[in-house]
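1. After the sequence you'll find the predicted model.
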Amino acid sequence: MLAVEMVDKFVNMELDMLFKNKNEQLHKFLTNHERKQLLIKNLKKEIKLLELNPKIKLTEKHVIEICIDFARMFAKRAIAVKENEIKSDLSRMIERAANEARVRNEELDQIIEGDAIEVNR
């Protein structure tokens, strides 16, 4: 059961190693991410199940490797989701600006056509 208690530590250590001195903003985003605790909780549950299986000899090295792999997957996925959110926000802003421009152009066209009709009379 000692391995389960180390999960939190190893996940955090891996995130620190990957991002702490390289990108502080990204490090803060990942260490404070709303789903990180869920990852750790689920990882602990799965490691506990592995420890209870008499056919599996789980060493500290195995737990470290599992934590490293899951921390990296978590980081990649969290970053990808955030990038998609940002892209979606930008897409909505661009679409809104294009719609506003189209409406303004239509209004200008109507004003110009109205003036042209009055001049021809």
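-> In hand now; what should we look at?
2. Now for residue 33, how many residues are close by?
-> Look at residue 33: counted by other CB atoms under 10 Å, it has 18 neighbours. For glycine as for every other residue, the C-beta is placed from the backbone atoms N, C-alpha and C.
3. Now it: phi and psi?
-> Main-chain dihedrals, residue 33, degrees, to the nearest 10: phi -60, psi 140.
4. and the biggest helix by length in the chain, average pLDDT?
-> Ordering each helix of the chain by length in residues (DSSP state H) puts helix 60-120 first. What helix 60-120 shows for mean pLDDT is 87.
5. Show me what that helix is packed up against.
-> Other elements packing on helix 60-120 under the criterion 3 or more CB pairs under 8 Å, 6 or more residues apart in numbering; DSSP states H and E are helix 2-15, helix 24-31, helix 36-52.
6. tell me the angle that helix makes with helix 24-31.
-> Angle of helix 60-120 versus helix 24-31, following axes from the mean of the first three to the mean of the last three CA atoms, to 10 degrees, is 110 degrees.
7. Centre of the chain to helix 60-120, how far?
-> Put simply, helix 60-120 sits 16 Å off its chain's centre (CA atoms, centre = their mean, to the nearest Å).
8. Between helix 36-52 and it, find me the angle.
-> 150 degrees.
9. OK, contacts around the residue most central in space within the chain?
-> Among the residues of the chain, the one closest to the centroid is residue 78, at 2.8 Å (CA atoms, centre = their mean). If you count contacts by CB atoms under 8 Å, 6 or more residues apart in numbering, residue 78 has them with 29-30, 33, 35.
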